[in-house]
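A.B. asks: I'll drop the sequence and a predicted model, then ask my questions.
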Amino acid sequence: MLSLAFACFIAALAIGTCVEVVARLLNLWTYRSPLYPLINVVLIFGLIQGFGVGWVIGGREALRGVFPVLFMVGAVLGLLTEGLNEYWLHAWSWSDRPILGIRRSIDKSAFIGVAWGFAPLLTVFLARLIAATPAVGA
Amino acid sequence: MNPALSRTDKIHAAILAAGGGGLVCAYWIAFFHSDLTLPKFVHDMTNPALVRLTTVYLGFESAFPLADLLIAVTASLAAFYLVGRDAKAVLFGLIASGALGFLGFIDISFNLLHGLYAPALLLKDGGLLMEAMINVTCVSGAIWSIWRLWGHPLRRAEDRPSRLMGPRENDPPTA
């Protein structure tokens, strides 16, 4: 069986990859460099939201009590990430395709920033499933 | 063009992001993973009255994370929009400040009703003293934030146009 910490990292990588694939298929945002989606998946999803938030907060407690904290920290860090990109980094930019009716880039950044709160939540749920699954042949 | 970001706006955005977003998150991480935020009386298992108070206190505190989620997210959104000089900063700032004041007063009410502000208790219990300081900061911060946003120039400003949308009819010509 995998340790929960490593399972959190793997689960977050999987979620990040899915998000990037869907965003690419729907043409929601584009990166300035082909390296940036990789950095986003490994660093932001895997290390920060998955391992950092998911495991540190949700790795040791019963989820019942901490799930608002998982969402809260994920969303606050997500808004920080989106704010850094929107105002300074410009590593990715939004297409003109609306997201749930939202058209302005600043509103898209805010909406996606809050949606980052789901990343550690889903990570912990998925990681617990992964960690509880016996290895093949074990 | 929306009004420029003043120095006080920058400080306000930093307080909203660091205080309303960061510190609320830090408090709850500490609450679930350490004894840092807990008053000393919760460890006293010898006095039945204190054991009963501990049960009530921890039950009361554990109801807060979901409500604090609203504060952390709206305060961060207010900071995000304030840095972007967008009118939504006022909307989210007032929501965050109102929620912060509401929760601050609920906490103060609970502590007063259970005698947790008694000077003798505060002086010997660092956890209670920290909580009293948090209560005062929440209420005074909420009042200051509401007062500032109520008269803020962004309150009557239009939403900032998207970078992806062309200039609107009323936009000034760009050089």
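C.D. replies: That came through fine.
A.B. asks: next, see if the helix or strand of chain A with the lowest mean pLDDT gets close to chain B.
C.D. replies: None of the helices or strands of chain A scores lower by mean pLDDT, DSSP states H and E than helix A:56-58, at a mean of 89. Yes. Counting by CB under 8 Å from any CB of the partner chain, chain B has neighbours in helix A:56-58: A:56, A:57. For glycine as for every other residue, the C-beta is placed from the backbone atoms N, C-alpha and C.
A.B. asks: what element comes up after that helix heading to the C-terminus?
C.D. replies: helix A:63-84 (DSSP states H and E).
A.B. asks: helices or strands up against the least confident helix or strand of chain A?
C.D. replies: helix A:63-84, helix A:118-132, helix B:24-33 (3 or more CB pairs under 8 Å, 6 or more residues apart in numbering or on different chains; DSSP states H and E).
A.B. asks: those into JSON lines, with extra columns for mean pLDDT, distance to residue B:115 and mean neighbour count?
C.D. replies: Below are the helices and strands packed on helix A:56-58 laid out as JSON lines (pLDDT from 0 to 100; distance: least, CB to CB, whole Å; neighbours: other CB atoms under 10 Å in any protein chain shown):
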{"stretch": "helix A:63-84", "mean pLDDT": "93", "distance to residue B:115": "27", "mean neighbour count": "22"}
{"stretch": "helix A:118-132", "mean pLDDT": "92", "distance to residue B:115": "38", "mean neighbour count": "21"}
{"stretch": "helix B:24-33", "mean pLDDT": "92", "distance to residue B:115": "22", "mean neighbour count": "19"}
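A.B. asks: quick one, which of those gets closest to residue A:109.
C.D. replies: Counting by CB to CB, residue A:109 lies closest to helix A:63-84 out of the helices and strands packed on helix A:56-58; the figure is 4.1 Å.
A.B. asks: summarise which helices and strands the closest one is packed against.
C.D. replies: Packing partners of helix A:63-84 (3+ CB pairs under 8 Å, 6+ apart): helix A:56-58, helix A:105-115, helix A:118-132, helix B:24-33, helix B:64-83.
A.B. asks: chain center to it, what's the gap?
C.D. replies: Here helix A:63-84 is found 10 Å from its chain centre; the criterion is CA atoms, centre = their mean, to the nearest Å.
A.B. asks: which strands or helices does the helix or strand following that helix pack on?
C.D. replies: Going down the chain from helix A:63-84, the next helix or strand is strand A:92-94, by DSSP H and E. On a contact count with 3+ CB pairs under 8 Å, 6+ apart, strand A:92-94 meets strand A:29-31, helix A:105-115.
A.B. asks: tell me the most buried of those?
C.D. replies: Ranked by mean neighbour count, the helices and strands packed on strand A:92-94 are led by helix A:105-115 with a mean of 22 (mean count of other CB atoms under 10 Å in any protein chain shown).
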